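>>> One predicted model, sequence on top.
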Amino acid sequence: MNTASTNPAAAMSEAVFALTLALLLLAPLAIAGIALINAGLGRSRSAAQALLGNLALGAIAVIVFALVGASFAGTLGTSEATIHAAGKTWGVLGLGPFLMHGLGSAAPQAQLALLFEFMAVAMAAMIPWGSGADRWRLSAGCASAAVLAGVVFPLAAHWIWGGGWLAQMGANFGLGAGFLDAGGAATVHVLGGLAALALIWIAGPRRGKFPREGLSTAMPGHNAVYVLFGCLFALVGWLAWNTAGAVIWLHAPLAALPGTAINTLLSAAAALLATFAVTRFRFGKPDASLCANGWLAGLVTSTACAALATPAEAIFAGAVAGFFTPLLVEVLELAISVDDPSGAIAVHGASGLWGLVAAGFFAPQAGQLTAQLVGIAALLGIVLPLVYLLFAVLNRVVAFRVDPDGERIGMDLHELGGGAYPEFVIHRDESYR
Amino acid sequence: MKYAGLLVMPAGFLLTLAALVLFPDPTRRLAFVVCGLAVEAMGLVVAVRGHMPARGASRP
């Protein structure tokens, strides 16, 4: 392994810089939407811990990323750790300056790219939090966010955004433009969804979720209004996120940005309608929380392909995501006993993977589909085992799961000493008898 | 069994890398990459089955 120079960023006009910066300042609304959805899909006795956890995990993630992660992502750096094999150079890890030294003198596009990565790492760290609702301890969640922001996210970000081996597949192997991920479908959503899966495997289901006999116990979210309002917040953030990503990572011209925003909206709308129809057909009435999951699945799908698709293709991609998301949520819970309160595995993981595949189909370059599939193989074959290993080790140091008493009285009282709704009476949970 | 599944998944990834290096022909390369993904999918299935909690368990 040795080091090699990388090409940082292309020139950018002041108008494009200002527009992209403004878009990135709206992007946190997507994070706010996810936070509301995570809180609303959990139980009322854990609502304050859920929202505080979203803030705390995001805070830990951005600080750890600033301290070490940004260096390994290599956004500001001019060198990287590489491997020479099969006559090619494979960039595996960025070697930028620690503590973002030289940020002020960096190229404008590199600065925007770094800001985008800060948003991305915060969201990636928060996605698993909703899956661990009602049982994942706050301290363990913070430790997991630190691991994701310091190790896993920078690795993926360098491979995909920092000129690493996935980004260079176009130049090295003639595979389209290399792995394309304009909005973070891979680095944020698939990574977050796979981290959620690893977390659920390690922490296990909520107490009483899967009884000895019969179907799994229904544990619906405590506030559908939070969930649905979170979807509206997320739309605003996603519109900004996808258009900013198109400028930063695909160097899209200004004329292409309205199309990207329209595709984002169409994908979410088609997904919502598909989920609405599926749940109406399956249950006789549309399901609010599943429809919210469908909407979010459409947004996640658009993250990968909104900048590359036509409007008709965006509708198709969103409709497919919306059709399969409620079915996958059902399969995960009923068939393979995965207790995922926020549906992050289906919504972020599976829809992100589908979006990346769809981008391969929609992109005009030859070989793009192969590039996308290789990127997906890297996510499943390296990132998932790596996250699982790191979380398993972390679980030995900081126990992920709260003790049974804490789970019984709720995470708010157990971890914070007070509930989100102090005037409400906490109901006894029949499943614990 | 759950660890075996997680070990199979990197093996599938290595197959996709091998496809990049060994097959210049786009069709064969794509087919081999899909085979690598299929191996990863098998590993994922094994890992999922290995992690399924016993019914009635209060916690794993």
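The structure has been received and is ready for your questions.
>>> how close does the spatially closest residue to A:D340 that is not a sequence neighbour get to A:L99?
Sequence neighbours aside, A:S131 is the residue nearest to A:D340 in space, at 4.8 Å (criterion: CB to CB, 6 or more residues apart in numbering or on different chains). Bear in mind the C-beta positions are built from the backbone N, C-alpha and C, glycine included. Distance, A:S131 to A:L99, using CB to CB, to the nearest Å: 32 Å.
>>> More neighbours: which of these two?
A:S131 (28 against 11; other CB atoms under 10 Å in any protein chain shown).
>>> what sits against that one?
A:S131 makes contact with A:A196, A:L197, A:L199, A:I200, A:D340, A:P341, A:S342, A:A344, A:I345 under the criterion CB atoms under 8 Å, 6 or more residues apart in numbering or on different chains.
>>> Over to A:T187?
A:T187 neighbours (CB under 8 Å, 6+ apart): A:A120, A:A124, A:F153, A:A156, A:A157, A:I160, A:W161, A:D181.
>>> How about the contacts made by the last one?
Contacts were defined as CB under 8 Å, 6+ apart; by that measure A:D181 touches A:I160, A:W161, A:T187, A:W249, A:A304, A:L356, A:A359, A:G375.
>>> If any of those residues are buried, put those into a PyMOL selection.
Command for PyMOL, covering only those of the contacts of A:D181 found buried under the criterion 16 or more other CB atoms under 10 Å in any protein chain shown:
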select buried, chain A and resi 160+161+187+249+304+356+359+375
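>>> and of the contacts of A:D181, the nearest to chain B?
Distances from chain B to these, taken as CB to the nearest CB, are shortest for A:G375 (9.5 Å).
>>> Once you drop chain neighbours, what's closest to that closest one?
Of all residues not flanking A:G375 in the chain, A:F179 sits nearest, at 3.8 Å (CB to CB, 6+ apart).
>>> Correct me if wrong: that neighbour contacts A:I160.
Yes: with contacts counted by CB atoms under 8 Å, A:F179 reaches A:I160, the gap being 5.7 Å.
>>> Can you tell me the number of residues neighbouring the closest residue to chain A within chain B?
Closest to chain A within chain B is B:F13: 2.6 Å, counting by CB to the nearest CB. Residues within reach of B:F13, counting by other CB under 10 Å, total 25.
>>> Tell me the first helix or strand C-terminal of the helix or strand hosting it.
Following DSSP states H and E, one finds B:F13 within helix B:2-22. Downstream of helix B:2-22, the first helix or strand assigned by DSSP H and E is helix B:26-51.
>>> contacting residues for the most centrally placed residue in chain B?
When CA atoms, centre = their mean is applied to chain B, the residue found nearest the centroid is B:E40 (1.2 Å). Applying CB under 8 Å, 6+ apart, we find B:E40 in contact with A:A377, A:L380, A:G381, B:V8, B:M9, B:G12, B:F13.
>>> my guess is A:L369 contacts A:F361, does it?
Yes: counting by CB under 8 Å, A:L369 touches A:F361, with 6.1 Å between them.
>>> what does the stretch 101-250 of chain A put close to chain B?
By CB under 8 Å from any CB of the partner chain, the residues of the stretch 101-250 of chain A that approach chain B are A:M169, A:F173, A:L175, A:W201, A:G204, A:P205, A:R207, A:G208, A:F210, A:P211, A:R212, A:E213.
>>> Compare those residues and tell me which is most surrounded.
Using other CB under 10 Å as the neighbour test, these are led by A:L175, with 29 neighbours.
>>> Can you read off the pLDDT for that residue?
A:L175 carries a pLDDT value of 93.
>>> got the phi/psi numbers for it?
phi -100, psi 90 (degrees, to the nearest 10).
>>> and the gap between it and A:V374?
7 Å.
>>> quick one: common contacting residues for those two?
Overlap of the contact sets of A:L175 and A:V374 (by CB under 8 Å, 6+ apart) consists of A:M169, B:L20.
>>> B:P10 versus A:A252, what's the distance?
Relative to B:P10, A:A252 is positioned 34 Å away (CB to CB).
>>> ok, and the closest non-adjacent residue to A:G298?
A:A271 (2.6 Å).
>>> next one: A:I31
A:M123 (5.3 Å).
>>> Confirm that that neighbour sits in a helix.
Yes: according to DSSP: H, G, I helix; E, B strand; the rest coil, A:M123 belongs to a helix.
>>> Check the contact between it and A:G192; I expect there is one.
Yes: contact status for A:M123 versus A:G192: in contact at 7.0 Å, counting by CB under 8 Å.
>>> Which one's more surrounded, the two?
Set A:M123 next to A:G192 and count neighbours by other CB under 10 Å: A:G192 wins out with 32 against 29.
>>> Now do the contacts for the residue nearest to the more buried one when sequence neighbours are not counted.
In space, not counting the residues next to it along the chain, A:G192 is nearest to A:I127; the distance is 2.8 Å by CB to CB, 6+ apart. By CB under 8 Å, 6+ apart, the contact list for A:I127 reads A:I34, A:V188, A:H189, A:G192, A:G193, A:A195, A:A196, A:A344, A:H348.
>>> So which residues on chain B come close to chain A?
B:2, B:6-7, B:9-14, B:16-17, B:19-21, B:26, B:29-30, B:33-34, B:36-37, B:40, B:44, B:47-49, B:51-53, B:55-60.
>>> Where does A:R206 sit: helix, strand or coil?
Recorded secondary structure, A:R206: coil (three-state DSSP).
>>> Quick check: it vs A:L197, distance?
In terms of CB to CB, A:R206 sits 16 Å off from A:L197.
>>> just A:S144 next, same as before
A:S144 is 13 Å from A:L197, by CB to CB.
>>> Neighbour count: the two, which is higher?
More neighbours surround A:S144 than the other of A:S144 and A:L197, with 30 against 25 (other CB under 10 Å).
>>> Return the residues in contact with that one.
Applying CB under 8 Å, 6+ apart, the residues near A:S144 are A:L57, A:A125, A:P128, A:A195, A:L199, A:F391, A:L394, A:F400.
>>> could those residues be laid out in JSON lines, adding pLDDT?
Below are those laid out as JSON lines (pLDDT from 0 to 100):
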{"residue": "A:L57", "pLDDT": "97"}
{"residue": "A:A125", "pLDDT": "96"}
{"residue": "A:P128", "pLDDT": "96"}
{"residue": "A:A195", "pLDDT": "97"}
{"residue": "A:L199", "pLDDT": "96"}
{"residue": "A:F391", "pLDDT": "97"}
{"residue": "A:L394", "pLDDT": "97"}
{"residue": "A:F400", "pLDDT": "95"}
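>>> State the pair within these that is farthest apart.
Comparing all pairs in the contacts of A:S144 by CB to CB, the longest separation belongs to A:A125 and A:F400, at 14.8 Å.
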